[in-house]
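J.: predicted model, plus sequence, below.
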Amino acid sequence: MARGALVLTVLVACGGSPPPAKPLVVPPPAPVTQEPGPEAKKAAEAISRAYELLTQESAVPGDPVALREAAIDALAPKGWKARPIAWTNDAGKDVDVLKGAVGTLALRGELPPDAVLRAARAMTMAIGDTQTFALSKPNVQALFAMVAGVAVVEPGIWSHKLDDGRWAVSDVLPGSAAASIGIQRGDILVSVDGSPIVHGWVDLLPWIGVAPGTKLELVVERAGKNQTFVLQLQPVTSPIVESKLLAGGIGYLRVWACTHADVDARDAGKLVAAALTTLDKRKATKLVLDLRGNPGGYPFDVASLFVEDDPLMVAVAGGADQPVARTKIAAWKTKRPIVVIVDEQTASGAEMIAFALKDDAGATIVGRPTAGGLSFPTTEKLSGDVTLSYPLSRVGSAKTKQPLDGNRLVPDVAAQNPSAEDYAAGRDPQLDAALQALKAAR
């Protein structure tokens, strides 16, 4: 029984009376020590440090009031908010106030063991920035493995945002737990492990890199009714690049992830270069580059294949511009019209590729506004094996040196995401819009 909880059982016989009431016994509060122990001190310092980074050092800072409230809500037991905290409303000073509040929770024996991860994750969610998130050690290791193109434990779901704010499954990874249990394209994501899905892939991040065999309850809406699935997560390899020749001599190239590896078969730059060579041999006259659902990674080789100018882009921080140079990979010599398809899950490095192609190569962007991750992140390790990611600079145009509003690309041609009915019928309105845009391209 949780401390402070009260369970009252009443047995009533048929036609009889309830038994005499027994005295209510409320467990005493946890003993209060003179000061928090070493681990609690580390937690208080880590949480206040995360607050400092996210409100004062991030290139996309969060609202100080919203962040401190998110941290306390994530940590404090019920009723804590009724106890006044002497906030100063000066973010610099409230770093220490937050540290003291966490220390008080520790003194009362009310600080959860995963306090740092819980508070950091709540604060990053309150910001709503794609590059701002908190991860456990297994999550971080899995992300590095994904960038290297190797198999990791993950649900195997890509998603896009609907007009009503909900998220729908856009692709299911072959061989994944989601595929084996019957998750379908067009399913609307409702909740994961009891928590509502409101941020798309960010809500699934805690289950990337977990132990094989971990079970995950996923609720989806299909045909207007909720269905519950239990996924048993296993390692799975994500696709990296696929290409084909469409009717009319149009090359189609999809880059699922911006991987970077010593092995050519796992390196996005090498795979894209090989695909472009094949499309040249097949006499492709125009190109569709599909970056939908691409979460990012290492984008600079792929961008350098299409952009000859140097630099590719600039990093903007505090009014200073730092050029981001092309890599040594040779640029694709064949100059053909390019249309890039993006959606709400085109993030980080994938957004950089699309941005460079639009800015330097004159590509037309089709689809939905991107995730808002046009920034360069950095990380800091906090106690409890928690890694905090936040942007240190924003991506700016190589020509104007200016970042984009909201750190995201707004398509030149707006095109709705496929609906459940579109998926069922094999339709793709965004690809259709891209092909239409290519007709007008020279």
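T.: Yep, it's here. Numbering: from 1, shown residues only.

J.: in terms of helices and strands, where is residue 438?
T.: Element membership for residue 438, per DSSP states H and E: helix 429-439.

J.: for that helix, what is the distance to the chain centroid?
T.: Here the centre of helix 429-439 is set off from its chain's centre by 27 Å, with Cα atoms, centre = their mean, to the nearest Å.

J.: where does residue 221 land on pLDDT?
T.: Confidence at residue 221, expressed as pLDDT, is 96.

J.: tally of neighbours for it?
T.: Applying other Cβ atoms under 10 Å, we find 16 residues neighbouring residue 221. (Glycine included, C-beta is placed from N, CA and C.)

J.: help me confirm that it is found in a strand?
T.: Yes - counting by DSSP: H, G, I helix; E, B strand; the rest coil, residue 221 is part of a strand.

J.: from the structure, what's the count of residues near the closest residue to it other than its chain neighbours?
T.: Distances taken as Cβ to Cβ, 6 or more residues apart in numbering place residue 188 nearest to residue 221, at 4.0 Å, with adjacent residues excluded. Using other Cβ under 10 Å, residue 188 has 19 other residues around it.

J.: ok, what's across the strand from residue 188?
T.: Beta-bridge partners for residue 188, by DSSP bridges, are residue 168, residue 221.

J.: and the pLDDT for it?
T.: At residue 188, the model reports a pLDDT of 95.

J.: does it touch residue 166 like I think?
T.: Yes - Residue 188 is within contact range of residue 166, at 5.4 Å (criterion: Cβ atoms under 8 Å).

J.: so how many other residues sit close to residue 71?
T.: By the criterion of other Cβ under 10 Å, residue 71 has 26 neighbours.

J.: C-terminal to the host helix or strand of it, what's the next element?
T.: Counting by DSSP H and E, the element that carries residue 71 is helix 64-75. Following helix 64-75 in sequence order, the next helix or strand is helix 91-107 (DSSP H and E).

J.: show residues contacting that following helix.
T.: With Cβ atoms under 8 Å, 6 or more residues apart in numbering as the contact definition, helix 91-107 has outside contacts at 32-33, 35-37, 40-41, 43-45, 47-49, 51-52, 55-56, 64, 68, 71-72, 75-76, 80, 85-88, 111, 115, 119.

J.: what residues sit buried inside it?
T.: 91, 94-95, 97-99, 101-107 (16 or more other Cβ atoms under 10 Å).

J.: kindly report the same for stretch 151-159.
T.: Residues 152, 153, 154, 155, 156, 157, 158, 159 are the ones in stretch 151-159 that count as buried (16+ other Cβ under 10 Å).

J.: contacts for it, please.
T.: For stretch 151-159, using Cβ under 8 Å, 6+ apart, the contacting residues are 142, 145-146, 167-173, 175-179, 183, 189, 200-201, 204, 207-212, 214, 216, 218, 231, 233-238, 292-293, 345.

J.: selection in ChimeraX covering whichever of those are buried, please.
T.: Only the buried entries of the contacts of stretch 151-159 go into this ChimeraX selection, using 16+ other Cβ under 10 Å:
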select :142,145,146,167,168,169,170,171,172,173,176,177,178,179,183,189,200,201,204,207,208,209,210,216,218,231,233,234,236,238,292,293,345
